[in-house]
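Novice: Model the structure of this input:
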Amino acid sequence: MEPPDTRLRIILTAMQLFWEKGYGSTSVADILKAAGVNSGSLYHYFDGKQALLLAVLETYHAGIGPMLLEPAWAGVDDPVERIFSLLARYRKSIVDTDCTYGCPIGSLALEIHEPDPPVRQKLIDNFSAWTAAIERCLAEAGTRLPAELDRGDLARFVLSTMEGGVMQARTYRDVGAFDACVRQLRQYFDGLLARPQVPAAH
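Specialist: Have a look, this model is predicted:
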């Protein structure tokens, strides 16, 4: 009988290999060897490699709060600063990996050009959860930000800044590329926060 953690071990192994090598370059044999399981164990839990990819994406989605947001936001009360604290966490990953870090969801989205609908939906779910968290921060900023500001659009802009900054830092092997993107985003936020707020008409 398989130990209860076998399924999770397979998922975590696949997560690591998909991140390191890419989805297309990772074979089922690679996953079996790294996880220390046989093919029967893998196919007991998953129909194939795509089913495993869906489980990986579900695991990332479930971990956005406990593994990403909560550690980044610990001790940070200001909702706007929480956004930049999250970006700082990505910066640390870039530095810790000598600028080889790539956002796993962004990397998969770029690699899998025409994903099947279930895979594409899981990618959407991950991006949507990320931007929803940023949008909540923007909502909590309340009247500090202009009332007419589309907070959903700005959340997507923050995501684009992160993904683009990570991609450029990895390409140039220079965290300064990420810093430049975040610096411009900070200036944009400073401009929004500095705008005088017009009282609502009665």
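Novice: Excluding residues flanking it in the chain, which one is nearest Ala132?
Specialist: Ala155 (7.4 Å; C-beta to C-beta, 6 or more residues apart in numbering). Quick note: C-beta positions are derived from backbone N, CA and C, even for glycine.
Novice: top helix in this structure by residue count?
Specialist: Across the chain, the longest stretch assigned as helix under DSSP state H is helix 117-140.
Novice: helices and strands around it, which ones?
Specialist: Helices and strands in packing contact with helix 117-140 are listed as helix 49-63, helix 79-96, helix 104-111, helix 151-172; criterion 3 or more C-beta pairs under 8 Å, 6 or more residues apart in numbering; DSSP states H and E.
Novice: can I get those in JSON lines with distance to Gly142, mean neighbour count and mean pLDDT?
Specialist: Below are these laid out as JSON lines (distance: least, C-beta to C-beta, whole Å; neighbours: other C-beta atoms under 10 Å; pLDDT from 0 to 100):
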{"stretch": "helix 49-63", "distance to Gly142": "28", "mean neighbour count": "18", "mean pLDDT": "96"}
{"stretch": "helix 79-96", "distance to Gly142": "9", "mean neighbour count": "18", "mean pLDDT": "98"}
{"stretch": "helix 104-111", "distance to Gly142": "29", "mean neighbour count": "18", "mean pLDDT": "93"}
{"stretch": "helix 151-172", "distance to Gly142": "11", "mean neighbour count": "18", "mean pLDDT": "98"}
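Novice: Spell out which residues make up each domain of the chain.
Specialist: Under the assignment automatic domain parsing, the domains of the chain span 1-46, 53-194.
Novice: What is the neighbour count of Cys137?
Specialist: Look at Cys137: counted by other C-beta atoms under 10 Å, it has 24 neighbours.
Novice: Nearest to Ala194, out of the helices and strands packed on helix 117-140?
Specialist: The closest of the helices and strands packed on helix 117-140 to Ala194 is helix 79-96. By C-beta to C-beta, the value is 12.3 Å.
Novice: Next, the angle helix 117-140 makes with that closest one.
Specialist: Angle, helix 79-96 to helix 117-140, by axes from the mean of the first three to the mean of the last three C-alpha atoms, to 10 degrees: 130 degrees.
Novice: Can I get helix 79-96 in PDB, CA atoms only?
Specialist: C-alpha atoms of helix 79-96 as PDB (Å, rounded to 0.1, in the frame of the first residue of the first chain):
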ATOM      1  CA  PRO A  79      -2.100  48.100   2.200                       C
ATOM      2  CA  VAL A  80       0.000  49.900  -0.400                       C
ATOM      3  CA  GLU A  81       3.200  48.800   1.300                       C
ATOM      4  CA  ARG A  82       1.900  45.200   1.200                       C
ATOM      5  CA  ILE A  83       2.100  45.400  -2.600                       C
ATOM      6  CA  PHE A  84       5.700  46.500  -2.500                       C
ATOM      7  CA  SER A  85       6.500  44.000   0.200                       C
ATOM      8  CA  LEU A  86       5.200  41.200  -2.100                       C
ATOM      9  CA  LEU A  87       7.400  42.500  -4.900                       C
ATOM     10  CA  ALA A  88      10.300  42.600  -2.500                       C
ATOM     11  CA  ARG A  89       9.700  38.900  -1.900                       C
ATOM     12  CA  TYR A  90      10.100  38.200  -5.600                       C
ATOM     13  CA  ARG A  91      13.300  40.300  -5.600                       C
ATOM     14  CA  LYS A  92      14.700  38.100  -2.800                       C
ATOM     15  CA  SER A  93      14.000  35.000  -4.900                       C
ATOM     16  CA  ILE A  94      15.900  36.700  -7.800                       C
ATOM     17  CA  VAL A  95      18.900  37.500  -5.700                       C
ATOM     18  CA  ASP A  96      18.900  34.100  -3.900                       C
END
